[in-house]
Each structure stands twice: as structure tokens, then as C-alpha cells.
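[1] The amino acid sequence is not available; the structure is as follows:
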């Protein structure tokens, strides 16, 4: 976890075992005066499930996801496996100080047109924020090596609603082999198709680490286990709507 650097940018999996469809889980908000916001997250892709998003309201001086434009360990964990527990713990440690509230959505979001039991492609929840707070969100694009999407310290609306597109980013912590051996099992479980050659699940331990800056993702190229069905084109991968409640 780092204090924010001068650069502010959008950023933007999963140990799926034991995951149940639950309502989003919020920790106790800090004690100072707060306002209520309603947040809706929509997966707009046709081939990329999202890991359970981590969402927080916090001071603009706090950044859990980026360190000089490189992914922090908390973001790296989301980007490679969809595990948001480290990010949740980091925000929780700042509650009452530099963070106001944190929500760990208790379900993945499936691609548009892909239904997987109880998992939808959209989720809505409430979160609290203090005056001057920013909103951050991170979730993995599960059918990638280390693709993420989200928001990094965006301003909250003082009234009404704000609609925010979600762009795809490469976290820069793993080589983009697009090989089944390096992709979380949840890609086959929640994505549009089983990965080629994925007979006994994927081995996330074979991921090939790199140490590059977070940058816009170039998409899925195919030619290995992933195919064009997992690509999202040039547009946003999702949409977040934030509404200040009365």
C-alpha cells in the first residue's frame, strides 16, 4: 500500500473454489460524517468474466493499487489470480484515517450473454464516503494473464449520478502467454468456452513474472489457449454508475 503519487490514472480471477453468490460485503465505515452512494458495476464484454470487485472510498492521498505506475502487491494479486483479500485488508487498515469504506463484492460478474448459475453480469451495492473522498475499484479480467479493469481515485458526484467507463489494463506483472497453464481455472468455469487442453484445471504456479508499469491492455491475440472470443475490441470492458443518495 502506498500514498498516492502525482499521477492519477484508471487501472483497472480468482480462487473460485468455495465461492458462493452472496451480497457484497462492506466493512464498517469510519466514524466521521459520511454520505451514501449507490454503485452499479456492469460487465460489458462478451468473453471476459470479472473477479469479485474490490471497491473503496478514501482520501486522494491514499493509493492501494499503484506505486509510481507499477502495480502494488495488492493489485498484482487481483491481476494474476483475482484475489482481492490483500487490497481489502490494506483499505481496512486505513478505515477512520485515510479510508472511509470498503466493499468486496461477493460474486464474479459473467460476460454479457453468458449465464453461469447464480452469477449475473451486473451488481449494485451501497458504499459510504466522506467529503472529498475518491472512489477506487479493481477487478481481474479472468481470461487473461494479468489483465485488470477498474477506477483509481475518481471524484464522486456531489449530487446525481456519474457514469464511468471501465478500460482494460495490463498490470505488467506477468507475461501475456495466453496459455491455459497461466490462466486461472475460473476462465473455463465462467467464460464463454472451455480452454483448449484444459483437462485437469490450470496451474497458476507456472505464471511468468515481469516487472513493468501498468498500461492499457492490447487485448487477446489468440494463437494459444485464448481465442478471439475472449477479446473485447477497442471499447470499454464495463461501466460503473455512481449515484449520490438523498
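    Noted; the coordinates are in hand. Note that this is a predicted model, so its numbers are computed, not measured.
[2] in the protein, which spans are helices?
    Along the chain, the segments classed as helices by DSSP state H run 73-81, 85-92, 186-190.
[3] which one of these has the most crowded surroundings?
    Relative to the other members of the helices of the chain, helix 73-81 carries the highest mean neighbour count by mean count of other Cβ atoms under 10 Å, namely a mean of 25. Just so you know, the C-beta spots here come from the backbone N, C-alpha and C atoms, and that holds for glycine as well.
[4] what's it packed up against?
    For helix 73-81, the contact count by 3 or more Cβ pairs under 8 Å, 6 or more residues apart in numbering; DSSP states H and E identifies helix 85-92, strand 134-140, strand 147-155 as packing neighbours.
[5] Go again with 10 Å.
    With contacts defined as 3 or more Cβ pairs under 10 Å, 6 or more residues apart in numbering; DSSP states H and E, the packing partners of helix 73-81 are strand 54-58, strand 66-67, strand 70-71, helix 85-92, strand 134-140, strand 147-155, strand 168-170.
[6] Could you take these and lay them out as JSON lines, with extra columns for mean pLDDT?
    Supplementary listing: these in JSON lines, determined by pLDDT from 0 to 100:
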{"stretch": "strand 54-58", "mean pLDDT": "98"}
{"stretch": "strand 66-67", "mean pLDDT": "91"}
{"stretch": "strand 70-71", "mean pLDDT": "96"}
{"stretch": "helix 85-92", "mean pLDDT": "98"}
{"stretch": "strand 134-140", "mean pLDDT": "98"}
{"stretch": "strand 147-155", "mean pLDDT": "97"}
{"stretch": "strand 168-170", "mean pLDDT": "98"}
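[7] distance of the spatially most central residue of the chain from residue 74?
    A centroid search over the chain (Cα atoms, centre = their mean) returns residue 139, at 1.0 Å, as the residue closest to the centre. Noted for residue 139: a distance of 13 Å to residue 74, by Cβ to Cβ, to the nearest Å.
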